[in-house]
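Peer 1: Sequence below, structure please.
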Amino acid sequence: MTFNKLVIAASAAITLSSQVFAEELKFASFTPPFHTINASVIEKLNTDLSAATNGNLTVRGYHGGELGAGPAEQYVRVLQGAADMSWGLPGYTSSQFGKTMIAELPGAIPEDMPGYEALWRAYDKHLSQEFPGTKPLALWTSEPNIFIMRNKVIRTPADLAGLKIRVAGTTAAEVAKALGATPVQMPASQIYNAMQTGLIDGVITGASTLTDFKLDEVADALTLGAPLGRLAFYTVLNRSVYDGLSKEEKAAVDAASGAGLSKSAEDAWMSTATAALETARADGANTITELTDAEKVAFAQAVSGVIQSYVKSVDGAATLDAMQGK
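Peer 2: The predicted structure follows:
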């Protein structure tokens, strides 16, 4: 069954079942309850919706894949009704989120610009069609990506030659290839074992994963400052479930979501990353490499063609302009 047919079938089935509304919304998460997503999104939604509806509408988190294993299947899980809402990475199903993935490209969103603002600026006109059957509650980005390696210190693009580098999606894969590495796409939940067993040499991702996925236990070398882009994330609610809510409950969901919830998530990612880096710096077993301006230029030149090539491939010039506020 194609993705579009799945959307139609799932929406029809849930429309019939949503006439009797369950007060507790099920939030599926593929990560453990200590992950940053819990306090910044799941518990915040529960607190805000409960307060706005006098406890009539609440959110319960189901962690560690309790509602179904597989990080890449989170969006479909919401469409099928196994969960009312979930979160995930567009990169895990890159073909669905071609234009949304522009946000992950190096330099697409300036480092001093909040990623969530860029995504919402582009959402209505350019990205909404990539979220069929759902109502996005939050869109945000991570801290800037870094190299997190085991037994490999990266200071120049040449240091990556022949190395297997885990990436989250197609944009990061193009960056890895431009730097001479072999990209290996897998969910973040699989990185620990892959790095521990030598299946991969390292990963392009944010520093928050050092604690959120315990990569600090298997990595021993970090390189900061290379233009590697960032990750994008979403939290979505099944559209038919939303449509089945009362007018007051819809208003509560609307007020609890959007830019405010997205900022909560992005700020939390940044805080987790900052704390994780401080811990990594304090560990004498780690090698922390902070690139000089000249060394950054070498990486920037190596990936310079990636943005234009990818944006052209998804007809995304107008999307990039919208994200950048042009």
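
Peer 1: This structure: helices as residue ranges?
Peer 2: 3-17, 36-37, 43-52, 74-80, 115-122, 170-178, 191-196, 209-212, 239-243, 247-256, 259-282, 293-302, 304-313, 317-323 (DSSP state H).

Peer 1: want to try JSON lines for those helices, with mean pLDDT as columns?
Peer 2: Output for these, formatted as JSON lines (pLDDT from 0 to 100):
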{"stretch": "helix 3-17", "mean pLDDT": "51"}
{"stretch": "helix 36-37", "mean pLDDT": "98"}
{"stretch": "helix 43-52", "mean pLDDT": "98"}
{"stretch": "helix 74-80", "mean pLDDT": "97"}
{"stretch": "helix 115-122", "mean pLDDT": "98"}
{"stretch": "helix 170-178", "mean pLDDT": "96"}
{"stretch": "helix 191-196", "mean pLDDT": "98"}
{"stretch": "helix 209-212", "mean pLDDT": "98"}
{"stretch": "helix 239-243", "mean pLDDT": "97"}
{"stretch": "helix 247-256", "mean pLDDT": "98"}
{"stretch": "helix 259-282", "mean pLDDT": "98"}
{"stretch": "helix 293-302", "mean pLDDT": "96"}
{"stretch": "helix 304-313", "mean pLDDT": "95"}
{"stretch": "helix 317-323", "mean pLDDT": "98"}
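
Peer 1: Tell me which of those approaches Pro144 most closely.
Peer 2: Between Pro144 and these, the shortest separation by CB to CB is 8.6 Å, and it involves helix 259-282. To be clear about C-beta, it is placed using only N, CA and C from the backbone, and glycine gets the same treatment.

Peer 1: Count residues in the vicinity of Ala168, would you?
Peer 2: By other CB atoms under 10 Å, the residues close to Ala168 number 29.

Peer 1: Next, the contact list for the nearest residue to it once chain neighbours are set aside, please.
Peer 2: If the residues on either side of it in the chain are set aside, Ala168 comes closest to Gly91, at 3.8 Å by CB to CB, 6 or more residues apart in numbering. When contacts are counted by CB atoms under 8 Å, 6 or more residues apart in numbering, Gly91 touches Phe97, Met101, Glu104, Val167, Ala168, Gly169, Thr170, Thr171, Ala172, Gln185, Leu231, Ala232.

Peer 1: Let me see the contact set for the last one.
Peer 2: Taking CB under 8 Å, 6+ apart as the definition of contact, the neighbours of Ala232 are 89-91, 97, 100-101, 103-104, 115, 119, 139-142.

Peer 1: do the same with Lys263
Peer 2: Lys263 touches Pro114, Tyr116, Trp140, counting by CB under 8 Å, 6+ apart.

Peer 1: Let's see that with 7 Å instead.
Peer 2: Lys263 sits next to Tyr116 when contact means CB atoms under 7 Å, 6 or more residues apart in numbering.

Peer 1: Relative to Thr211, how far out is it?
Peer 2: 21 Å (CB to CB, to the nearest Å).

Peer 1: Restricting to C-alpha, output stretch 104-118 in PDB.
Peer 2: Output of stretch 104-118 as PDB, limited to C-alpha atoms (Å, rounded to 0.1, in the frame of the first residue of the first chain):
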ATOM      1  CA  GLU A 104      19.400  20.300   8.000                       C
ATOM      2  CA  LEU A 105      21.800  21.500   5.400                       C
ATOM      3  CA  PRO A 106      25.000  23.300   6.400                       C
ATOM      4  CA  GLY A 107      24.400  27.100   6.400                       C
ATOM      5  CA  ALA A 108      20.700  26.800   5.400                       C
ATOM      6  CA  ILE A 109      19.700  28.300   8.700                       C
ATOM      7  CA  PRO A 110      22.300  30.700  10.200                       C
ATOM      8  CA  GLU A 111      23.600  29.500  13.500                       C
ATOM      9  CA  ASP A 112      22.300  32.500  15.300                       C
ATOM     10  CA  MET A 113      18.800  32.000  13.900                       C
ATOM     11  CA  PRO A 114      16.400  29.700  15.900                       C
ATOM     12  CA  GLY A 115      15.600  26.600  13.700                       C
ATOM     13  CA  TYR A 116      12.000  26.400  14.900                       C
ATOM     14  CA  GLU A 117      11.300  29.900  13.600                       C
ATOM     15  CA  ALA A 118      12.800  29.000  10.200                       C
END
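
Peer 1: who does the residue positioned nearest the centre of the chain bridge with?
Peer 2: Centroid check for the chain by CA atoms, centre = their mean gives Phe233 as the closest residue, at 2.9 Å. For Phe233, the beta-bridge partners are Trp140 (DSSP bridges).

Peer 1: Could you count how many residues lie near the closest residue to Ala275 other than its chain neighbours?
Peer 2: By the measure of CB to CB, 6+ apart, the closest residue to Ala275 outside its immediate chain neighbours is Thr211, 7.1 Å from it. For Thr211, the tally of surrounding residues (other CB under 10 Å) stands at 19.
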